[in-house]
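> Build me a model from this:
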Amino acid sequence: MNDVRAWLHGFIPVSINIGRREKLCACLGAWIGLMFAGLVSKATLGDLNPWFIAPMGASAVLLFGVPSSPLAQPWSLVGGNIVSALVGVACAHTIGDPVLAASAAAAVAIAAMFALRCLHPPSGAVALTAVLGGPAVFASGYRFALWPVGLNSVFLLVAALVFNNLMRRRYPHAHLHHTNPHHTADPLPTERLGFTRADLDAVLKSHQQFLDVDPDDLEEILRHAELKAYHRRFGQIHCADLMSKDVVTVRQSTSPQAAWRLLAKHKIKTLPVVDDSGVLVGIVSLHDMMIGHEHDAPTGFWPPQLPLVEHIEHLMTREVRTATPDQLLTDLVPLFSDAGYHHLPVVDPQRRVIGMVTQSDLVAALYRARLEETGSPARSPLAAAA
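Now for the predicted structure:
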């Protein structure tokens, strides 16, 4: 009984988790895209009948409604439509019965699209149009695959490329791979634990069904789900709870020698640079002082040498990634583990420096949170090592 109820439940429409902006983009994009493709096709093909085919409307649903779908990518659109048109024309001219020709065209078109990796659902309608489109389509023969099908597809693709990217939707939907900041072959730290891409590929292969989602997107969604679960478990610690409040800072006019002495005295690796009001204007690190200007140094090791610049402002990094006091600790994990950050200044709404969070602060906080979760007594790692 439960199996029957679950089966019947599949007929109930499911909610589509999409925001209003995406819905508006889909509708506006389809309107603009089809209008552009239709007008240009008519101007190009003139009195040719047909100059625009109905399956383009179905293609527009994919290109503008779900541009991230593997079925909506450029090769799927152009390749799927053209190969299906060729298959449809071949079936129309070799199979006398229109019903048999139409069904054969759709089946062979699907097989061809699978083989050519250009599966595009509206292309099935293109194959049927080539068979059932009437005398004008039949008379055009294989030219039908080039115009109007190929031409319509290219013009619609041009509209999708321009519109989707203007709306800041990646199209074609190429995955943005996150490279190791140290330029080594190792995966990012957050990808070394939990599931791996090999695990995901193995599961997808064993699934035995086509999933209308890019594997890279699926991996990214699962990574975010892991981070969300981590938020739920350790999301009560904020930057204000663990940041260092007595922050050593320098001014833009500070000399490099003075900054170097501060780094050595306090055994730190980074100094926020502030103006007279304490507002963050940059940051200078040990890396900046030792490597950033080594091309100017005669020996390649600058700090012990005489100053090559007068003020620290010539060495500092001006674009600074910061944190806020109320920011969750778990927000910092990807920054410290994957993005290559070691220190983050904590600033108030006026961008005045009020603290500093480091990788060691993060490790200590996560260690403490884990102890509290398991109920284990807090014990100093240094004492344990002794």
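
> Next up, the contacts around D201.
Residues in contact with D201 (C-beta atoms under 8 Å, 6 or more residues apart in numbering) are P215. For every residue, glycine as well, the C-beta is placed using N, CA and C.

> ok, 7 Å please
With contact set as C-beta atoms under 7 Å, 6 or more residues apart in numbering, D201 has no partners.

> I'd say G38 and F52 touch.
Yes: at 5.1 Å, G38 and F52 qualify as touching, with contact defined as C-beta atoms under 7 Å.

> With neighbour numbers in mind, choose between those two.
Set G38 next to F52 and count neighbours by other C-beta atoms under 10 Å: F52 wins out with 21 against 16.

> Shouldn't the more buried one be within a strand?
No: applying DSSP: H, G, I helix; E, B strand; the rest coil, one finds F52 to be coil, outside a strand.

> do you know how far it is from L34?
9 Å (C-beta to C-beta, to the nearest Å).

> how about the CA coordinates for stretch 113-126, as CSV?
Provided in CSV are the C-alpha atoms of stretch 113-126 (Å, rounded to 0.1, in the frame of the first residue of the first chain):
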residue,chain,number,x,y,z
MET,A,113,22.3,12.4,-29.9
PHE,A,114,23.5,10.0,-27.3
ALA,A,115,26.4,8.9,-29.5
LEU,A,116,27.4,12.5,-30.4
ARG,A,117,26.8,13.7,-26.8
CYS,A,118,24.3,16.4,-27.9
LEU,A,119,21.1,15.2,-26.2
HIS,A,120,18.5,18.0,-26.5
PRO,A,121,14.8,17.1,-25.9
PRO,A,122,13.4,19.6,-28.3
SER,A,123,15.4,18.0,-31.1
GLY,A,124,12.9,15.1,-30.9
ALA,A,125,10.3,17.5,-32.1
VAL,A,126,12.7,18.7,-34.9
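
> separation between E220 and D201?
Computed as C-beta to C-beta, the E220 to D201 distance reads 14 Å.

> got a pLDDT number for the residue in the chain sticking out farthest from the centre?
Ranked by distance from the centre of the chain (C-alpha atoms, centre = their mean), the top residue is G96, with 49.3 Å. Per-residue pLDDT puts G96 at 92.

> part of a helix, is it?
No: using three-state DSSP, the secondary structure at G96 is coil, not a helix.

> Show me the shaky parts of the chain.
Applying pLDDT under 70 to the chain flags the ranges 1, 175-194, 230-235, 291-308, 372-386.

> Which parts of it belong to which domain?
Domain ranges of the chain: 17-166, 189-234, 240-377, per automatic domain parsing.

> Determine which stretch of the ones you listed is the most buried.
Highest mean neighbour count among those (mean count of other C-beta atoms under 10 Å): domain 17-166, with a mean of 19.

> Kindly reformat the domains of the chain as TSV containing distance to G10.
Output for these, formatted as TSV (distance: least, C-beta to C-beta, whole Å):
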stretch	distance to G10
domain 17-166	18
domain 189-234	15
domain 240-377	36
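
> Report the contact partners of E310.
E310 makes contacts with S255, as judged by C-beta under 7 Å, 6+ apart.
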